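J.: Generate coordinates for the sequence data below:
(chains A and B, ligands or ions: 4)
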Protein chains: 2
Amino acid sequence: SVLQQREAHADAMNTLKRIYKAKVRPLEQAYKFSEFYASELTDGDFDARPFVLLVGGYSVGKTSFIRYMLQRDFPGSRIGPEPTTDRFLAVMAGRPGQADGVIPGNAAAVDVDRPFTSLSRFGISFLSRFEVAELAAPILDNISFVDTPGILSGEKQRVERGYSFEHVVEWFAERADRILLLFDGNKLDISDELKRVIECLKAHDDKIRIVLNKADMVDPQQLMRVYGALMWSLGKVIRSPEVLRVYIGSFWDKPVNPLGAANDELFKNEEADLLNDLRNLPQHSAVRKINELVKRARLARVHALLVNHLRASMPYLWGHKKKQERLALRLKDEYVKVQKAHGLALGDFPSAEKFRSGLEAFDLSEFPNLSKRLLDVTEGALSRDIPKLMLAIGITAEETGRAAQADK
Amino acid sequence: SVLQQREAHADAMNTLKRIYKAKVRPLEQAYKFSEFYASELTDGDFDARPFVLLVGGYSVGKTSFIRYMLQRDFPGSRIGPEPTTDRFLAVMAGRPGQADGVIPGNAAAVDVDRPFTSLSRFGISFLSRFEVAELAAPILDNISFVDTPGILSGEKQRVERGYSFEHVVEWFAERADRILLLFDGNKLDISDELKRVIECLKAHDDKIRIVLNKADMVDPQQLMRVYGALMWSLGKVIRSPEVLRVYIGSFWDKPVNPLGAANDELFKNEEADLLNDLRNLPQHSAVRKINELVKRARLARVHALLVNHLRASMPYLWGHKKKQERLALRLKDEYVKVQKAHGLALGDFPSAEKFRSGLEAFDLSEFPNLSKRLLDVTEGALSRDIPKLMLAIGITAEETGRAAQADK
Ligand SMILES: Nc1ncnc2c1ncn2[C@@H]1O[C@H](COP(=O)(O)OP(=O)(O)OP(=O)(O)O)[C@@H](O)[C@H]1O
Ligand SMILES: Nc1ncnc2c1ncn2[C@@H]1O[C@H](COP(=O)(O)OP(=O)(O)OP(=O)(O)O)[C@@H](O)[C@H]1O
Ligand SMILES: [Mg+2]
Ligand SMILES: [Mg+2]
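T.: Ligands and ions are numbered 1, 2, ... in the order given. Have a look, this model is predicted:
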């Protein structure tokens, strides 16, 4: 059942969190992983439910879509024909028994139990445009939503936001399990601004689905023209040959508009497909988090071996600085040495630029000796604990395909 | 009425033919226009009805489409689930009282009363794969059709045809008033071979319309997927931002398939739109032929002035060859001189390569003196006869927009 599945996933993420804390984080800390690559994972990163990011022009019905999914109003939302939503709004389940409410972005970003700490990098003017709505709604037990301000075109866009809309969308896109790109079937508009945002999302195009909303506001022939024009343009922006899945319908609680009634059956089927996709997100999310931890642990291992190798090439007492600089220059050769010595995959190595710029902040000789024990512990997580966890939640061979690919 | 309109167009084309013969061709002949640019226009070029070129993969229903438009079988046609049509087939009205029949390509290409004389450049192996079917059917009084062999993909394509399929399609595309690119909604296949053919048609993308045929063979949701995928891919191949018009339906005489019955109304409307488009072709065709003659007459005039200018720069008795070569080298400068002296548009000038290579075959000094009279006659056709003709058949300002553009 859905309930059992949800608990199984929560259990799995708790296990993953324990594996990280006990078997990966110590190695990371010993070799300053977070100062080279990415900050330490917080509880929030593991506990957060998968979330759906909604992106699109203004008034396409993003906020209404979330309302429809929740089957209720939610605090902090406003719906209207003019540009209304003026902030990013994470819509999530409150703690059991807690009253519905809105938490300001500043408060949400300092809470390590929430997955928003790294949003602080976008500064105060963004955080004052960010909120977390907490409320009770059945669907929120499984997934969260992130509502965003509608993308304006031309003149309107120039009103300064005080933060980079695109960078913030990218931050959310990276962490989202699904990105819904909404369009209005009644008023198709693919502005240059929207195209730029789509460009930012391209790295995550496997997560993107299109929603052609308000599809009942036009007659079937017009719908075909609008839909055709949408695909024609999207195919040019998103250069991948694989066609993005589009869900065509009208995602709010009003009855179908008579103009589009001939497509009623189609809309119903499309909605069922979309709901089914969202229903599967928790499973996808678990797979994704596991895959990401696998990649991270592999990088932590390579990083430790790399640092140790370079350290061992240092003379004992003087000339450190110079030698270190020389080593940094011929990093690629050193990569190959380490790779051969330990039978590693070159694909697991960090980009030379990233490693070199991380290195600049440190004196190699100050890193500790290689701890065989720490390495073995992480190795154990990769070869035993994580595979066991995957089996436990029934992740199929197909789903771990990507992890296996990274493993080559 | 349709009948009156048809006669008006026939009259207009007869007038245009007379203008050409009396007022443009003499200037062309005096300065060997046809040996520089394009062969002389034949009666067939003026008399031919507008025609629709059908292009697409094999078994998408091209031949069935023509059959459906004619509402009858036609000689030379074969319909079947395997690649069937193995030749180009022009389907046209026979002369009044004439029996239905098929004329072999070789015969058709030598008849100056038909618009096929320049097809002989593709050689005997093409002509043996070309036929003209002549028969009586109401729609043929207004337009003709050209059926083509289905485009095969991969291995199958390699069976040598003995002529360049793409060049032949280009020849027809250049002369067609409408190009219908057919796809099978039940089996969408945009092969590399098809993409290459579409590339060839791109210069004429204003003439292209898409037909998504057999659209009732799939359910409405699948139709949306297929149609979306088609637009996604076509937008990439045809790089224009303007979306091509697609007609979605099932173009044969069988009743609608129950699977797609929910779209019955859509299909009916789409078919009505397509028929309407075809109905307007005679008017379009008249506009196009007039525009083309305008362009041609302007080029003939420039050509005469150009030849005369270069001729005047020749010394009297010796050194011709050398001087002529030198002139050919700095053609651009000479263009500007002629342009300024006669207040011409640079856009009316031939490409330097074309003119230079034409020139190689001649001795400039052998061209006649500039005939002011011939020039004035052609000038009169451009400034009086053709505008009068346009007025007579009610060509609107919008329709002559392109001609006006070329006029700038
Ligand atoms: N499925 C629908 N069909 C028709 N109208 C809709 C639909 N969904 C929403 N609307 C209407 O469209 C307008 C905009 O809706 P909404 O505020 O949800 O859009 P939005 O994308 O959140 O806009 P913004 O970017 O300004 O926040 C409202 O008037 C709403 O009632
Ligand atoms: N609208 C339609 N719906 C379903 N089937 C169709 C339709 N039109 C044609 N067919 C079937 O598709 C097959 C191919 O038809 P047809 O021979 O007209 O295609 P074609 O494009 O001319 O093929 P080729 O390129 O081989 O000449 C035939 O079996 C025909 O009966
Ligand atoms: Mg909104
Ligand atoms: Mg055929």
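J.: from here on, contacts and neighbour counts on C-alpha atoms
T.: OK.
J.: So which residue is dead centre in chain A?
T.: Nearest residue to the geometric centre of chain A (C-alpha atoms, centre = their mean): residue A:175, 1.5 Å.
J.: So what's the gap between stretch A:5-13 and the chain middle?
T.: Stretch A:5-13 sits 19 Å away from the centroid of its parent chain (C-alpha atoms, centre = their mean, to the nearest Å).
J.: ditto for stretch A:140-148
T.: 13 Å.
J.: pull the CA atoms of that stretch into PDB?
T.: Provided in PDB are the C-alpha atoms of stretch A:140-148 (Å, rounded to 0.1, in the frame of the first residue of the first chain):
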ATOM      1  CA  LEU A 140       2.100  16.300   1.000                       C
ATOM      2  CA  ASP A 141       2.800  13.100   3.000                       C
ATOM      3  CA  ASN A 142       4.600  11.900  -0.100                       C
ATOM      4  CA  ILE A 143       5.800  14.900  -2.100                       C
ATOM      5  CA  SER A 144       6.300  18.600  -1.600                       C
ATOM      6  CA  PHE A 145       5.900  21.400  -4.200                       C
ATOM      7  CA  VAL A 146       7.800  24.500  -4.900                       C
ATOM      8  CA  ASP A 147       5.800  27.400  -6.400                       C
ATOM      9  CA  THR A 148       7.700  30.100  -8.200                       C
END
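J.: And the contacts of that stretch?
T.: Applying C-alpha atoms under 8 Å, 6 or more residues apart in numbering or on different chains, the external contacts of stretch A:140-148 come out as A:6, A:49-55, A:62-63, A:66, A:70, A:85-93, A:278-279, A:281-282.
J.: And ligand 3, is it touching that?
T.: No: using C-alpha under 5 Å from the ion, stretch A:140-148 never reaches ligand 3; the gap is at least 6.7 Å.
J.: any residue of that stretch up close to ligand 1?
T.: No: with C-alpha under 6 Å from any ligand atom as the criterion, ligand 1 is not reached by stretch A:140-148; the gap is at least 7.0 Å.
J.: Restricted to helices, list the contacts of stretch A:140-148.
T.: A:6, A:62-63, A:66, A:70, A:278-279, A:281-282 (DSSP state H).
J.: What's the local residue count around whichever residue of the stretch 251-400 of chain A sits closest to chain B?
T.: Here the stretch 251-400 of chain A gets closest to chain B at one residue, residue A:266, 6.1 Å apart by C-alpha to the nearest C-alpha. By other C-alpha atoms under 10 Å in any protein chain shown, 20 other residues sit near residue A:266.
J.: how about the strands of chain A, start to end?
T.: A:51-56, A:88-93, A:101-104, A:130-135, A:144-147, A:178-184, A:208-213, A:246-248 (DSSP state E).
J.: who touches the longest one?
T.: This points to strand A:178-184. A:51-57, A:59-62, A:173, A:189, A:207-215, A:281.
J.: now with 6 Å?
T.: A:52-56, A:60, A:207-214 (C-alpha atoms under 6 Å, 6 or more residues apart in numbering or on different chains).
J.: try the last one
T.: Applying C-alpha under 6 Å, 6+ apart, the set of residues contacting strand A:246-248 from outside is A:210-212, A:270.
J.: one more time with 7 Å
T.: A:209-213, A:215, A:267, A:270, A:274 (C-alpha atoms under 7 Å, 6 or more residues apart in numbering or on different chains).
J.: Turn the buried ones among those residues into a named PyMOL selection, would you?
T.: Provided next is the PyMOL selection string for whichever of the contacts of strand A:246-248 are buried by 16 or more other C-alpha atoms under 10 Å in any protein chain shown:
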select buried, chain A and resi 209+210+211+212+213+215+267+270+274
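J.: just the contacts of strand A:246-248 now: which is nearest ligand 3?
T.: Closest approach between the contacts of strand A:246-248 and ligand 3, by C-alpha to the ion: residue A:213, at 13.6 Å.
J.: do you know how far that closest one is from residue A:265?
T.: 15 Å (C-alpha to C-alpha, to the nearest Å).
J.: Briefly note if stretch A:211-218 comes near chain B.
T.: No: using C-alpha under 7 Å from any C-alpha of the partner chain, stretch A:211-218 stays clear of chain B, coming no nearer than 11.7 Å.
J.: List phi and psi for the residue in the stretch 51-200 of chain A that ligand 2 sits nearest to.
T.: Relative to ligand 2, the nearest point of the stretch 51-200 of chain A is residue A:185 (28.3 Å; C-alpha to the nearest ligand atom). With angles defined as degrees, to the nearest 10, residue A:185 sits at phi -60, psi -20.
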